[in-house]
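**Student:** What follows is a predicted protein model with its sequence.
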Amino acid sequence: MGTYSHDKRIDGLADRLVREFTGPDGGEADPHHIVEVVQAKAHELDDAPIQDFVPLLAEHKAVEELRGQGLRRELPGGPEAPVHDAGGDIASGDGVPTAK
């Protein structure tokens, strides 16, 4: 995949995360900071053997870092789903299926 396409996908990712993240108090998060975090995480993956997955991996790493800084992600249609350990039950509302 070419650099242009890769950069375009990273730019799109940054734009989306700017829309989805709010500050710790629910106010607006600094959009420049979010863009910097996304670009830094993508840059860490410059030498990844399969570049097609860089935007997905960069998103995972950026979201993790932004959450660690106290920012909150508000997904369209409702608040962010909490992160859960494996072994839960969908019926209990934790979103992880178990065998019945």
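**Tutor:** Received it, and whenever you're ready, just let me know what you need.
**Student:** which other helices and strands contact the longest helix seen in the chain?
**Tutor:** Longest helix of the chain, by residue count under DSSP state H: helix 3-20. Judged by 3 or more C-beta pairs under 8 Å, 6 or more residues apart in numbering; DSSP states H and E, helix 3-20 is in contact with helix 31-44, helix 54-68. C-beta: built from backbone N, CA, C; applies to glycine.
**Student:** These into CSV, with extra columns for distance to Lys8, mean pLDDT and mean neighbour count?
**Tutor:** Formatted as CSV, the helices and strands packed on helix 3-20 follow (distance: least, C-beta to C-beta, whole Å; pLDDT from 0 to 100; neighbours: other C-beta atoms under 10 Å):
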stretch, distance to Lys8, mean pLDDT, mean neighbour count
helix 31-44, 12, 97, 17
helix 54-68, 10, 96, 17
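**Student:** what's the closest of those to Asp11?
**Tutor:** Nearest to Asp11, of all these, is helix 31-44, at 8.6 Å by C-beta to C-beta.
**Student:** Give me the angle between that closest one and helix 54-68.
**Tutor:** 130 degrees (axes from the mean of the first three to the mean of the last three C-alpha atoms, to 10 degrees).
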